[in-house]
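Trainee: Dropping the sequence and predicted coords here.
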Amino acid sequence: MNGRRNQLRRPAPLYGAIVPSSTFQVHRALPIPNPAKLPQWSLIENATSVVESDQRVLCAWLGGSFGEATADRWSDVDFRLVIGDGDFQDFVDADLGLLERISPVVGARARRTAGGETLRVVLFEGAARADFLYITESGATSRPGERSHLLLDRAGIHPTIARLPAERPASRNEILRRLENDIPAALARHRNAIAVGSLIAAFEEHVVLLGCVESLFALLRDPAKAGRLGNKHKGSALTVDDQDRLLATLTPWSDPVAACSSQALDPLLSLLGELAERCDWLEQSHTFLPASHEPTAPGLFAPPIWTSIPAILKMLVHAPVHATYFNRGHWQGVLTGDRIALRAIVNLSYASENDDLEGPTEFPELHLTGESSKSLVECLTPLGECTPRALLESQSRMFEVFAAVGRAAARRHSHAYPFHLESEVFDYLEREGALVRTDICNRHRLPDVPP
């Protein structure tokens, strides 16, 4: 390691206190409002101390909402760590040891990103959530730029990283072209769901179409910002009234028969047509599909049943994000999480009832027997009230059914079940007002009812 890398460069804490030291070159931090009062603050301090002690970490900063100074108590912490090329693979292979030194880990999963980086999603004790993105030194200056808050820099590379151009936002025309493909495809899949009588698949497509509604609302409110917002943050562009109108499209879900009919989408299609016209997307009112567009119906990706039991850990690690969406009033985000959870419940219910994990490749919900099938319907019926309280009841039922059938499926197929992780997640969601206890598992006599 050269002399330059021995000079550790560390900024002041995020709340702006200057720490006098002859060793560190101190920089005033971004003005995050009262970060020391946020529950994530101790995690950031611990992580900074741990990565400072590991010489393989050449540079570290915060991205995401902490990098942009927009964090709140429901934000996860996005750490970016640059590792020397020669140390990278060894570091990634043994990173759990480093993470345990920060705080006890109750759940973690890793994946490679499209850019070749490694992302480790971690749930620490107390349900503190963090994403650790590991970046090679050679790749650090070829990635899109982002607003950041520096934690340490041994190699003097952060000034270069800070000047990198951000990823180009999607233009208005690009957003509309994507919707021109997404809406007809979702409508075609919805027709297929109605034809076979799948309430679950019909719900999935309703939520996909609500994502299109959210995109149009974002275009109306702030066209320049809309192209920069990912699916996780589109809801921030909507007003309270926009969110209420989005919820109002759920009226048919109070009746399972009405929800699984072609008329179930009428409120949603009316809103889509209005927004399309207000966006000057289409010349004709009350319609939003170009007449020449022939819809196709490639199915939404549905994970095969045999993957459902290993995916329990993944689902639980990501579950705390429900508190983020719910407490920020981003209803489409809540419903998207419910859509993913409901598909997992279907697969786990099938696995809990059958020894064969291959199962049907399409609409496995139509092959369920017993009370688990009825419980799925009961998870959805509160949505017809079109209120935040109804969303809370619906997702709470889903969490409890997920835990019950997950435990049963794991036991039937001799897999370990992450009881401690489940407990941490349920306690966190309940503490943050994103979970209420229901009696759905007892009512349907599901096995392994969570406490």
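Mentor: Thanks, I have it.

Trainee: Can you name the next helix or strand after the strand or helix carrying Pro267?
Mentor: Here Pro267, judged by DSSP states H and E, is contained in helix 266-278. Next helix or strand after helix 266-278 toward the C-terminus (DSSP H and E): helix 311-318.

Trainee: which residues are in contact with that next one?
Mentor: 107-109, 121-123, 303, 340-341, 344, 348, 402, 406, 410, 417-418, 421-422, 425 (CB atoms under 8 Å, 6 or more residues apart in numbering). The way it works is simple: take the backbone N, C-alpha and C, and place the C-beta from them, glycine included.

Trainee: ok now that helix, how far from the chain's centre?
Mentor: 11 Å (CA atoms, centre = their mean, to the nearest Å).

Trainee: Can you list the buried residues in the very next helix or strand once past that helix?
Mentor: Sequence-wise, the next helix or strand downstream of helix 311-318 (DSSP H and E) is helix 321-328. Under the neighbour-count criterion of 16 or more other CB atoms under 10 Å, helix 321-328 has Val321, His322, Ala323, Thr324, Tyr325, Phe326, Arg328 buried.

Trainee: Correct me if wrong: the third one contacts Glu430.
Mentor: No - checked against CB atoms under 8 Å, the pair Ala323 and Glu430 is beyond contact range at 9.6 Å.

Trainee: Separate out the buried members of the contacts of helix 311-318.
Mentor: Buried members of the contacts of helix 311-318, scored by 16+ other CB under 10 Å, are 107-108, 121-123, 340-341, 344, 348, 402, 406, 410, 417-418, 421-422, 425.

Trainee: Which of those fall in strands?
Mentor: Applying DSSP state E to the buried ones among the contacts of helix 311-318, the entries found in strands are Gly107, Ala108, Val121, Val122, Leu123.

Trainee: okay, those in a markdown table with distance to Ala226 next?
Mentor: Shown next, in a markdown table, are these (distance: CB to CB, whole Å):
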| residue | distance to Ala226 |
| --- | --- |
| Gly107 | 33 |
| Ala108 | 33 |
| Val121 | 27 |
| Val122 | 31 |
| Leu123 | 31 |
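
Trainee: farthest pair in those residues?
Mentor: The most widely separated members of these, counting by CB to CB, are Gly107 and Val121 (8.6 Å).

Trainee: low-confidence ranges in the stretch 251-400 of the chain?
Mentor: The model of the stretch 251-400 of the chain has pLDDT under 70 over residues 282-302, 370.

Trainee: Same question for the stretch 1-150 of the chain.
Mentor: Residues of the stretch 1-150 of the chain that meet the cut-off, pLDDT under 70, sit at 1-36.

Trainee: Which parts of it are strands?
Mentor: Counting by DSSP state E, counting those that start in this stretch, the stretch 1-150 of the chain has these strands, from start to end: 57-63, 77-83, 105-112, 118-124, 128-136, 149-153.

Trainee: Any idea how far the helix or strand following the last one is from the middle of the chain?
Mentor: Moving toward the C-terminus from strand 149-153, the next helix or strand (DSSP H and E) is helix 158-162. In terms of CA atoms, centre = their mean, the centre of helix 158-162 is set 28 Å apart from its chain centre.

Trainee: Which SSE is immediately downstream of helix 158-162?
Mentor: Next along from helix 158-162, by DSSP H and E: helix 172-196.

Trainee: Many thanks, I have nothing further to ask.
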